[in-house]
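Asker: Just the structure for this:
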Amino acid sequence: MPHLIVEWSTNLRGRLDVPAFLAAAHDAAMATGAFAPAALRSRAIPCHDVRVADGDPDNAFVHAVLRLRPGRSAEAKRAIGERIFAAMKDHLAPIFATSPLGLTFEMQEIDTANRFLADNLAEHLARRAAASGNQMP
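Answerer: As a prediction, this is how the structure comes out:
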């Protein structure tokens, strides 16, 4: 069950449409075909108290981490990461063109031996799809 966690400096308010950015990153991850429809969880966390580079109040950042289960080849992980990072960079291009901004993205493998989970999301997605006449991918 992968998790996409995005932290962003709140001085981006008014310059960054956070829900649209999160949707672009989430959709790019799903478009890789590496994750089941019910698997990916994405969230954005605003960071209010930050200091970036020399402390100029215009300096901003977006930092994202994709946590995923082990088992994919280095090449597969690289392809997933490149696609998500490209979507993030594309979405942030207008801000890069006008403001100081740092974007970082990393992928981390989850230690599955010490992970506990429970969910029924796939079941609910299947019910919604059936009710709307659509099939789940």
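Asker: hey, let's count contacts and neighbours off CA atoms from now on
Answerer: Noted.
Asker: Now do the SS call for Ala20.
Answerer: helix (DSSP: H, G, I helix; E, B strand; the rest coil).
Asker: Let me know how buried it is, in neighbour terms.
Answerer: For Ala20, the tally of surrounding residues (other CA atoms under 10 Å) stands at 11.
Asker: With the one 4 residues further on instead?
Answerer: Neighbour count of Ala24, defined by other CA under 10 Å: 17.
Asker: Spatially nearest residue to it, not counting backbone neighbours?
Answerer: Ala87 (6.4 Å; CA to CA, 6 or more residues apart in numbering).
Asker: pLDDT on the helix or strand harbouring that neighbour, on average?
Answerer: Per DSSP states H and E: Ala87 is located in helix 74-98. Helix 74-98 carries an average pLDDT of 97.
Asker: Pull the distance from that helix to the chain's centre.
Answerer: 10 Å (CA atoms, centre = their mean, to the nearest Å).
Asker: Now the element after that helix, going C-ward?
Answerer: strand 101-109.
Asker: Could you list the alpha-carbon positions for whichever helix or strand comes after that following strand in PDB?
Answerer: Sequence-wise, the next helix or strand downstream of strand 101-109 (DSSP H and E) is helix 121-132. Taking Å, rounded to 0.1, in the frame of the first residue of the first chain, the C-alpha atoms of helix 121-132 are listed here in PDB:
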ATOM      1  CA  LEU A 121     -11.100   0.100   0.200                       C
ATOM      2  CA  ALA A 122     -10.900  -2.400  -2.800                       C
ATOM      3  CA  GLU A 123     -14.300  -3.800  -1.700                       C
ATOM      4  CA  HIS A 124     -15.900  -0.400  -1.600                       C
ATOM      5  CA  LEU A 125     -14.400   0.700  -4.900                       C
ATOM      6  CA  ALA A 126     -15.700  -2.500  -6.600                       C
ATOM      7  CA  ARG A 127     -19.200  -1.700  -5.200                       C
ATOM      8  CA  ARG A 128     -19.100   1.800  -6.400                       C
ATOM      9  CA  ALA A 129     -18.000   0.700  -9.800                       C
ATOM     10  CA  ALA A 130     -20.700  -1.900 -10.000                       C
ATOM     11  CA  ALA A 131     -23.300   0.700  -8.900                       C
ATOM     12  CA  SER A 132     -22.200   3.100 -11.600                       C
END
